[in-house]
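# here is a sequence with its predicted model. Questions after.
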Amino acid sequence: MKRNNVFIIFSALLFISFGALAQNLAMNIAPVAPTTPPANSTALAFSPNTIADIVEEVGSTVVNIDVVKNVRVASPFNNFGPFGFEFAPEFKDHYQDRIIPQKGAGSGFIFDQRGYILTNEHVTHDADEIKVTLKDGRKLSAKVVGSDQSLDLSMIKIEAKDLKVLALGDSEKIRPGEWVIAIGNPYGFANTVTTGIISATNRTLEDLGKKNLIQTDAAINPGNSGGPLLNLNGEVIGINVAIVAGAQSIGFAIPINSAKEIVDDLIKKGKVSRPWLGVYMRDVDERIANYFELPVAEGVIITDIAKDSPSEKMGLQKYDIIKELAGTKVKTAAEIQELVQTKKPGDQITLKIYRDGKNLTLKGTLSERP
């Protein structure tokens, strides 16, 4: 009997304990209020059909580009047989130099309703024939109106009306981790869509001499060159340009803001007017600093001067050390190149240099790069 009473008392205490615990939990735990994304958040507009809707909206602005380049192949015999005997006239045609058409393909997008299309320069380089295929199936001849090898951009033109234009975004506002869409013509498969994220910005490819590129893991393959890289607003923020051979999920695009700076020149002049200083230079290192008895191992040394260049006219000399350009201190040749490219032909600049133990100031005018 006593054992039963103990069991009853223990059960009652246990019940009271659990009841109190449940009451405390009920009082202290409340549903977490849902977090509202910022008004400008991309995630706010993202839905299962977002990408499909964007592609449907802008797909007609992306074009396929097929090119033909006629390459002359020299005859190994030069009208003579392997034993030095001249071929009879009726056989000469078989041993003349031959023209062999080489075919290539790329992508592009409609930049202007007047028929201007932006693509890569390497897609249209030295092309003898350019054909553009629109999404509705129309095949139109195109011609190059302007190109720039430095940025690898080319503006071509077709004769067509009522073309839809792809909206331009702002590549300065993009961030790593944002979703992107690539549309193009990889391996001849028209209007192929791939997606990914921005992996990094301001990338440099030394082998290709390209800087300030957008890196993405969206699949970019041969034939995608010149096609647009889009944000989730359906705006082009880059022009697909390169892949790393042998690597997966590493592609690159030219920022659209870089293209914005030159498109008017491409259309109106056929080329880009770039400023030119006309110097050959290298960075100052410890060895150079010791040889010239410089107080610090920094600056840029002039190794040669181009004839009739702005640098020659302003009085720069071989072995001068450039310390400052246009009010900005410089430590590397790359910094000088970047500063010069922010100017225009005809702009005046001031250089502060070190020569024979003296600090000098020189002034001159940039000219157009020949």
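Right, received. Where do you want to start? Residues are numbered from 1 along each chain as shown.

# got any ranges where the protein has weak pLDDT?
1-46, 75-96, 245-247 (pLDDT under 70).

# domains for it, by residue range?
Per automatic domain parsing, the domain ranges recorded for the chain read 63-158, 171-268, 275-368.

# which one, of these, ends up nearest to Ser47?
domain 171-268 (10.4 Å; C-beta to C-beta). Backbone N, C-alpha and C define where each C-beta goes, glycine included.

# if I pick Tyr195, what's in contact with it?
Rather than Tyr, residue 195 is Thr. 51, 179-182, 218 (C-beta atoms under 8 Å, 6 or more residues apart in numbering).

# secondary structure element holding it?
Using DSSP states H and E, Thr195 falls within strand 192-205.

# and that strand, what's buried?
Neighbour-count burial for strand 192-205, counted by 16 or more other C-beta atoms under 10 Å, picks out 192-196, 198-199, 201, 203.

# got it, and stretch 152-160?
Buried, per 16+ other C-beta under 10 Å, within stretch 152-160: 152-158, 160.

# how about the residue nearest in space to the middle of the chain: what's its closest non-neighbour residue?
Computing the C-alpha centroid of the chain and ranking residues by C-alpha atoms, centre = their mean puts Ile254 first, at 1.4 Å. The shortest distance from Ile254 to any non-neighbouring residue, by C-beta to C-beta, 6 or more residues apart in numbering, is to Ile239 (4.5 Å).

# quick check: the one you found touching Leu230?
No. Judged on C-beta atoms under 8 Å, Ile239 makes no contact with Leu230 at a distance of 11.0 Å.

# hang on, the earlier thing: now the domains of the chain as TSV including distance to Val165?
Formatted as TSV, these follow (distance: least, C-beta to C-beta, whole Å):
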stretch	distance to Val165
domain 63-158	5
domain 171-268	10
domain 275-368	28
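
# quick revisit: please compute how far the helix or strand hosting the residue nearest to the centre of the chain lies from its chain's middle.
If you go by DSSP H and E, Ile254 is part of strand 251-255. Offset of strand 251-255 from its chain centre (C-alpha atoms, centre = their mean, to the nearest Å): 3 Å.

# hmm, back to that, of the buried residues of stretch 152-160, just say which sits nearest to Pro345.
Leu153 (19.1 Å).

# ok, that closest one - contacts?
Contacts of Leu153 by C-beta under 8 Å, 6+ apart are 118-121, 147, 239, 254, 259, 262, 266.

# switch the cut-off to 7 Å
Counting by C-beta atoms under 7 Å, 6 or more residues apart in numbering, Leu153 touches 118, 120-121, 147, 239, 254, 259, 262.

# how about the buried residues of strand 192-205, which pair is most distant?
Top of the distance list for the buried residues of strand 192-205 (C-beta to C-beta): Thr192 and Thr201, 24.4 Å.

# using TSV, lay out the buried residues of strand 192-205 together with distance to Ile305.
Output for the buried residues of strand 192-205, formatted as TSV (distance: C-beta to C-beta, whole Å):
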residue	distance to Ile305
Thr192	50
Val193	51
Thr194	48
Thr195	50
Gly196	46
Ile198	42
Ser199	41
Thr201	36
Arg203	33
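
# tell me the buried residues in stretch 218-232?
Going by neighbour count (16+ other C-beta under 10 Å), the buried part of stretch 218-232 is 218-221, 223-232.

# which ones among those are found in strands?
228-230 (DSSP state E).

# now, among the residues you listed, which is nearest to Gly169?
The closest of those to Gly169 turns out to be Leu230 (C-beta to C-beta; 7.9 Å).

# okay, and the beta partners of that closest one?
Note on Leu230: beta-bridge partners Ile181, Val236, judged by DSSP bridges.

# which ones are touching it?
Going by C-beta under 7 Å, 6+ apart, Leu230 touches 54, 58, 180-181, 236-237.
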